[in-house]
Structures are given as structure tokens and as C-alpha cells.
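Enquirer: would you be able to build a 3D model of this:
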Amino acid sequence: MGRSRDDGLQPLVETMRRHVMSAKKLHTDDTPVPMLALGNGKTKTGRLWVYVRDDRPSAVVTPPAAWFTDTPDRRDIHPHQHLESFNGTLQADAHGSFQTIHETGPVTETAR
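Expert: Take a look at the predicted model:
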């Protein structure tokens, strides 16, 4: 999507990403969002992904957090890149990219 993020915020975004991805359990989902197609002034459908850590129901005191990121489409490569450093349990929908993550990496599938 738009790669015009304020570089001043990038350290905060990276800190949030590392905090979320250091969890032992994540919840994730994506949703379609309209985005401006660069150069032609029209919109197309991109994806907004969210990864959430929240262990409060387990009495864990680590702060819950969510990391949001965007992609121009829903290709499998995106969640693979997002989760490349994650090692734990992932709760996600039945999108095929999550199945391949469970089969090829250190990610354990939980009920969908």
C-alpha cells in the first residue's frame, strides 16, 4: 500500500512488531481495504493485517498489543514475511497461506 509512512514513527512501529511477535500465542486476521493506486488516482483493494497478543485471560501480566500492517494484495508471501520470526501458536482463519505456514515453519496451528 502507501509506502509514505512517516519515518519518524518507524522505530515505534518496529518496537510494537517485535513485542507482538515475541509472544508464544498470536491471533491474526486480515480485511480488505480500499487503497489509492499510485499514479492513476483510482482505488483498488488492498489488505490490512492485524497480529494480536493478549494473554490476560491466562493471568499473564505482559501488556497486550496489536501490530497492523498493510499489503497491496492477499498473496501467501505476506503472512510468511510477517511471521518469519514468530515461533509459537497461531490462531487464524482458513486462508491457505496460514496452512502452509503451519506445515513449513515453527508455527503451531490452533482451532480456527
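Enquirer: lowest-scoring secondary structure element of the protein by mean pLDDT?
Expert: Taking mean pLDDT, DSSP states H and E as the measure, the helix or strand of the chain with the lowest value is helix 96-104, at a mean of 75.
Enquirer: now do the next helix or strand after it: distance to the chain's middle.
Expert: Next along the chain after helix 96-104, taking DSSP states H and E as the criterion, comes strand 107-109. Strand 107-109 has its C-alpha centroid displaced from the chain centroid by 15 Å (Cα atoms, centre = their mean, to the nearest Å).
Enquirer: could you do stretch 22-34 as well?
Expert: 4 Å.
Enquirer: stretch 52-59 too?
Expert: For stretch 52-59, the distance to the chain centre is 17 Å (Cα atoms, centre = their mean).
Enquirer: where does pLDDT dip in the chain?
Expert: 1-6, 105, 111-112 (pLDDT under 70).
Enquirer: which stretches in it count as helices?
Expert: Per DSSP state H, the chain carries helices over the ranges 10-21, 77-82, 96-104.
Enquirer: which one, of those helices, ends up nearest to residue 43?
Expert: Of all the helices of the chain, helix 77-82 sits nearest to residue 43, with 19.3 Å by Cβ to Cβ. Bear in mind the C-beta positions are built from the backbone N, C-alpha and C, glycine included.
Enquirer: about what we covered before: export the helices of the chain to CSV and append columns for distance to residue 69.
Expert: Formatted as CSV, the helices of the chain follow (distance: least, Cβ to Cβ, whole Å):
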stretch, distance to residue 69
helix 10-21, 8
helix 77-82, 6
helix 96-104, 14
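Enquirer: out of the ones you listed, which gets nearest to residue 34?
Expert: Comparison of these against residue 34 by Cβ to Cβ identifies helix 77-82 as nearest, at 17.7 Å.
Enquirer: which neighbouring elements make contact with the closest one?
Expert: When contacts are defined as 3 or more Cβ pairs under 8 Å, 6 or more residues apart in numbering; DSSP states H and E, helix 77-82 packs onto strand 43-53, helix 96-104.
Enquirer: residues contacting residue 110?
Expert: Neighbouring residues of residue 110 by Cβ atoms under 8 Å, 6 or more residues apart in numbering: 25, 89, 90, 91.
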